[in-house]
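Student: kindly generate the corresponding structure for this input.
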Amino acid sequence: MRKKSSLELAYGRFRSTFVATIVFSFFTNLLMFVGPLYMLQIYDRVLASRNEMTLIMISVIAIALLLSYGLLEFTRSRLLVRAGMQFDEVLANPVFHRVVKQQTAMPGGNAQIALSDIDRVREFMTGQGILAFFDAPWVPLFLALCFAFHPWLGIVATIGAAIIFALAITNEFATRNVLQDASNAAQGANHFVSTTMQNAEVIRALGMEKQLTKRWLDKHDDVLVHQAKASDRAGSIMASSKFIRMSLQVAILGTGAYLAIQQLISPGIMIAASIVMGRALAPVEQAVGQWKQFVNARSSHKRLKQLFDTIADQEERTELPEPKGNLKVEQLFATVPGTRDALLRGISFSIEAGEVLAIIGPSGSGKTSLIRHLVGAKAPAAGAVRLDGTEMHHWDPDKLGRFIGYLPQDVKLFGGSVAENISRFEDEPEDADIVAAATLSGAHDMVQTLSNGYETNVGDGGMFLSGGQRQRVGLARAVYRSPSLVVLDEPNSNLDSEGEKALMSCIQHLKDMGKTVILVTHKTNLLALTDKTLMLMNGTVEKFGPTSEFFKKPQATASGVTGAVSAHGTGQAPSKAAETVPAVVQLSPSGQAGRSS
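Tutor: Presented below is the predicted three-dimensional model:
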């Protein structure tokens, strides 16, 4: 039997509430007869008999019934609100998990809109829009009462309901595509703004504000055009609905007056029929008014369903022992997200626990893409990445994260304190572990100079810290609790000489502890710490082997080899001379390339 997804479970919890709400709706709609029946008794009994006691009694009964109506309405609304909270509780965590997974698989895909989709669906299912749909099935009851008063009154009310319902259908077909286009355009404009504002400093420094403002205005104007078009169509339909609604009141009263003149009905029935018809048309008219919210909720539901169909629920995984750090890559292939263009082709290598691997190569060779696969942030298009023999996606992601340290090239911190970022926002971290990680990474002394030490707020993205400070805190986060596998992408790109010394000391210490370290670097001084080196060229392995043997080239000069490594670092391919001139190059303890005889 297929296991239900979290989306189906969330809707399943709502189903029982829907049933209860429908039952309450039946009784609330029955109690809506109180008004017309009260008016009928006033006109036909009280005014005719002039009996004050009759007036008092029917008024007391009417108020008691209306009080019951109010309590039922309150209960119905409260049920929906509580069900909405349960809906959010069941769905919020799985959706966030899928958004993160989809965003890593396809950066820039605006996956985070799914988090807003939950709110749109919940607001519709707990608001007036859904209540209008619950009340709509009871419209035939009110039309039947109009027919009971007199067939002509029933015909007028039925024609009115049919016309307003037809307007609702017209509204749907007239605005569906336009509203969808407006929604897509709005998402594009908002995404453009959010990504552009991340580079506000560049915009100001390079005088790009006018150009980017023009681009945003073009996208914004596109949103306004579609929204105006949809609003114009919906507005004309709403205006027609109001005209027809008021005309129907005239028609029902006119017909009732004619029938009263002919003594076919009493004046009380005429007034009661007007009230009943108004109540019959109210849910239909409300549905027309709430149609835009319904369309938005429907679009959100489709996106959520597509998200859950695309990304399955996270399976419960058997908890595996802490890995030692043996890493093996087998015929790894990777593609550009959303395309079939290859980023990595047939990558294979392995390193043992406690080894340090350097990944080098020119810009665009696939280094960053490779390490994203090594830490499990990306799923291979083909092949496998194995940690201690187990494929990355076979590990529980939350548990695996404790054993992996990752420092991306563009270090992003999260809004909170330095201590919270280093501890990866654990609920109850040990202060000793935080300080130990900062000390290991060489960040402890730097943190002490901050305004509030470890409690200093780093700001969103770490905006309150310099690039070097962010990199040191990011390194401390990577080595928090001494993970088995530490992957560093350009770890010294923003460090000064003191920071580089601390980094080298950190790598050496991790190596002494038996931890596996992988680093992407363009600088030769870090190569002295590595056991193996992997060179990538155009997404394939150009060369892989021990670092001590890696640069042995016949008749090559020390400067020639160093230039080759530097050329890779600057995104330029090494010269033919550098590759073919024989020489034996050794790396001195200081990390500088030197020639051996």
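
Student: list the contacts of Ser365.
Tutor: 536-539, 568 (Cβ atoms under 8 Å, 6 or more residues apart in numbering). Quick note: C-beta positions are derived from backbone N, CA and C, even for glycine.

Student: in a helix, it, correct?
Tutor: No. Counting by DSSP: H, G, I helix; E, B strand; the rest coil, one finds Ser365 to be coil, located in no helix.

Student: now it: phi and psi?
Tutor: phi -80, psi -10 (degrees, to the nearest 10).

Student: make 2 the first number, not 1, from now on.
Tutor: From this message on, residue numbering opens at 2, which makes the last subject Ser366.

Student: make JSON lines out of the contacts of Ser366 and add distance to Glu320, neighbour count and secondary structure.
Tutor: As requested, the contacts of Ser366 are arranged in JSON lines below (distance: Cβ to Cβ, whole Å; neighbours: other Cβ atoms under 10 Å; DSSP: H, G, I helix; E, B strand; the rest coil):
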{"residue": "Leu537", "distance to Glu320": "34", "neighbour count": "24", "secondary structure": "strand"}
{"residue": "Met538", "distance to Glu320": "40", "neighbour count": "16", "secondary structure": "strand"}
{"residue": "Asn539", "distance to Glu320": "40", "neighbour count": "15", "secondary structure": "coil"}
{"residue": "Gly540", "distance to Glu320": "35", "neighbour count": "21", "secondary structure": "coil"}
{"residue": "His569", "distance to Glu320": "41", "neighbour count": "23", "secondary structure": "helix"}
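
Student: which two among those are spaced furthest apart?
Tutor: Gly540 and His569 (14.4 Å; Cβ to Cβ).

Student: buried stuff in stretch 509-521?
Tutor: Across stretch 509-521, burial judged by 16 or more other Cβ atoms under 10 Å covers 511-512, 516-521.

Student: for these, which one is nearest Pro484?
Tutor: Lys516 (7.1 Å).

Student: how about the contacts made by that closest one?
Tutor: So Lys516 contacts 326, 354-355, 483-487 (Cβ under 8 Å, 6+ apart).

Student: got it, and Glu356?
Tutor: 512, 517-518, 532-533.

Student: just Lys230 next, same as before
Tutor: With Cβ under 8 Å, 6+ apart, Lys230 has these contacts: 179, 183.

Student: state the distance from it to Lys220.
Tutor: For Lys230, the distance to Lys220 equals 16 Å [Cβ to Cβ, to the nearest Å].

Student: so where do the strands sit in the stretch 2-151 of the chain?
Tutor: Remark: no strands are assigned in the stretch 2-151 of the chain by DSSP state E, counting those that start in this stretch.

Student: please apply the same query to the chain.
Tutor: Taking DSSP state E, the strands of the chain run over residues 328-336, 343-352, 357-361, 383-388, 391-392, 405-408, 486-490, 517-521, 533-538, 541-547, 585-588, 594-597.

Student: ok so, going back, out of the contacts of Ser366, who's nearest Thr450?
Tutor: When these are compared against Thr450 (criterion: Cβ to Cβ), the nearest one is His569, at 35.4 Å.

Student: let me know the pLDDT of that closest one.
Tutor: On pLDDT, His569 comes in at 42.

Student: now do the one 3 residues further on
Tutor: With respect to pLDDT, Gly572 scores 39.

Student: go on, Asp434?
Tutor: Per the predicted model, pLDDT is 95 at Asp434.

Student: one more: Leu67?
Tutor: 91.

Student: same thing with Thr581?
Tutor: Reading off the model, Thr581 has pLDDT 30.

Student: what of Ser597?
Tutor: Value listed for Ser597 in the pLDDT field: 34.

Student: then Glu317?
Tutor: Taking Glu317 on its own, its pLDDT is 74.

Student: which residue packs closest to the most centrally placed residue in the chain, ignoring adjacent ones?
Tutor: The centroid of the chain falls nearest to Gln113 when counting by Cα atoms, centre = their mean (2.4 Å). Spatial nearest neighbour of Gln113, excluding adjacent residues (Cβ to Cβ, 6 or more residues apart in numbering): Val100 at 5.5 Å.

Student: got the contact list for that neighbour?
Tutor: Contacts of Val100 by Cβ under 8 Å, 6+ apart are 112-113, 115-116, 308.

Student: in helices, which of those residues fall?
Tutor: 115-116, 308 (DSSP state H).

Student: show the buried residues in those residues.
Tutor: Buried among the ones in helices among the contacts of Val100 (16+ other Cβ under 10 Å): 115, 308.

Student: give me the neighbour count for Gln472.
Tutor: Number of residues near Gln472 (other Cβ atoms under 10 Å) recorded here: 26.

Student: quick one: it and Glu501, what's the gap?
Tutor: From Gln472 to Glu501 the distance is 11 Å (Cβ to Cβ).

Student: got a list of what the nearest residue to Ala288 once chain neighbours are set aside touches?
Tutor: Spatially, and ignoring its direct neighbours in sequence, Ala288 is nearest to Ala133 (4.7 Å; Cβ to Cβ, 6+ apart). Counting by Cβ under 8 Å, 6+ apart, Ala133 makes contact with 284, 287-288, 290-291.
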